[in-house]
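J.: Pasting a predicted model and its sequence here:
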Amino acid sequence: MSIIADDNDFKSSAIADKKKRSVVKAECLDNDKHFENCIRPKTFDTYIGQSALKETLKITIAAAKKRELPLDHLLFYGPPGLGKTTLAGVIAEQMGVEIKITSAPALERPRDIIGILMSLKEGEILFIDEIHRLNKVAEEILYPAMEDFFLDMTTGKSQTVKTLRIPLPKFTLIGATTKAGELSGPLRDRFGIIHRLEFYTEDELSQVITRTAGILDIEITEEGAHAIAKRSRGTPRIANRLVKRVADYALVKHDGKITEDVANKSLDILKIDNFGLDNTDRSLLKLIIEKYDGGPVGIETIAAAIGEDVRTIEDVCEPFLLQAGLLQRTPRGRKVTPETYRHLGYKNININGQKSLF
């Protein structure tokens, strides 16, 4: 049985898929988890990128093994999709210990965090994602657990209240957050190692894409990998999603092989440009240019005008736009840069009252 599809069929499918989710946003969705688990690297040799951080961690792990002690508590922060959870898994693998993974929103009640701490074994790693969202009670429980490896509990009521100090096995807490500034000072100070994960270069993303394609048995050329990497916003999670979308197009419209031409055509259909911007990003930038003379304009005004939530703009759109030099934050609001005008093809635009030609 043969399958016949034209560009309109693929375009309609791509648009429908985009309505469900955007492939250029870095949040981890439920249906991505199985896919990510299949392609996650298990060693530093297969973990691509973050070279300086990897070298530091190798030394720290080697020292901990020689001392026969658990690692100091670690905090990783940075934009979503850069490999914080994956890195925690690699550390556990290199230390030869088990890792328990949870997220701060799941630890709503005291018994949730107490149960996890009580279940830990000597040397094990506890990974808490989005740790800045821990509630105050959970934080208070973590303080003695991280510092002295004791769990302070109370039993009884009124005059019969007793305080219990239960010893815990020595463990390592790895926290991950996209908002290090929202972490409380006392909690942040209890981490012995704090590192920021950086956006990936195009060459690093090309290696990630080639590796993922190999695992998924997708044929891809070096030029095809670079074409996808160029539009992946410096984020491995986005690059891996785009590999799947481009592979679908290559399978339906071509011979299944991802070349530079195939990658560019499929990403054009998905409305992802050479900077990795999608329709939401371009709408945001064009709004500031066309309605507010390039800014500054308040974030609430932008959110209302394009129909997006303020947190979505701050957490999803802005990190890359700021990194790429397309957007600026000022005390008076957001404003675009001359590079934004050039990228979006504007000419004869007034910037700060002066006429500029791009």
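T.: Good, I have the coordinates.

J.: When you work out contacts or count neighbours from here on, use the C-alpha atoms and nothing else.
T.: Noted.

J.: Can you spell out which residues form a bridge with Arg196?
T.: Tyr77 (DSSP bridges).

J.: Surely it and Tyr77 touch.
T.: Yes: under the criterion of C-alpha atoms under 8 Å, Arg196 makes contact with Tyr77 at 4.9 Å.

J.: For the two, indicate the residue with more neighbours.
T.: Legend: neighbour count by other C-alpha atoms under 10 Å for Arg196 and Tyr77, higher for Tyr77 (21 against 17).

J.: Thr172: neighbouring residues, count only.
T.: 23.

J.: brain fart, Tyr292
T.: Residues near Tyr292, counting by other C-alpha under 10 Å: 12.

J.: Local confidence estimate at it?
T.: You'll see Tyr292 listed with a pLDDT of 88.

J.: quick one: it and Arg342, what's the gap?
T.: Tyr292 sits 17 Å away from Arg342, going by C-alpha to C-alpha, to the nearest Å.

J.: Val246 now?
T.: 27 Å.

J.: Neighbour count for these two, which is higher?
T.: Neighbour count, other C-alpha under 10 Å: between Val246 and Arg342, Val246 has more, with 23 against 13.

J.: does that one really touch Asp261, like I thought?
T.: No: Val246 is beyond contact range of Asp261, at 10.9 Å (criterion: C-alpha under 8 Å).

J.: Next up, the contacts around Ala305.
T.: Each residue near Ala305 by C-alpha atoms under 8 Å, 6 or more residues apart in numbering is listed here: Leu287.

J.: what about it, which SS state?
T.: For Ala305, the assignment made with DSSP: H, G, I helix; E, B strand; the rest coil gives helix.

J.: repeat for Asp281
T.: Asp281 ends up helix, using three-state DSSP.

J.: List the contacts of it.
T.: Cys317.

J.: so the residue most central in space within the chain is in which element?
T.: Closest to where the C-alpha atoms of the chain average out (C-alpha atoms, centre = their mean) is Pro80, at 1.6 Å. Using DSSP states H and E, Pro80 sits in no helix or strand.

J.: same deal with Ile61?
T.: Assigned by DSSP H and E, Ile61 falls in helix 51-67.
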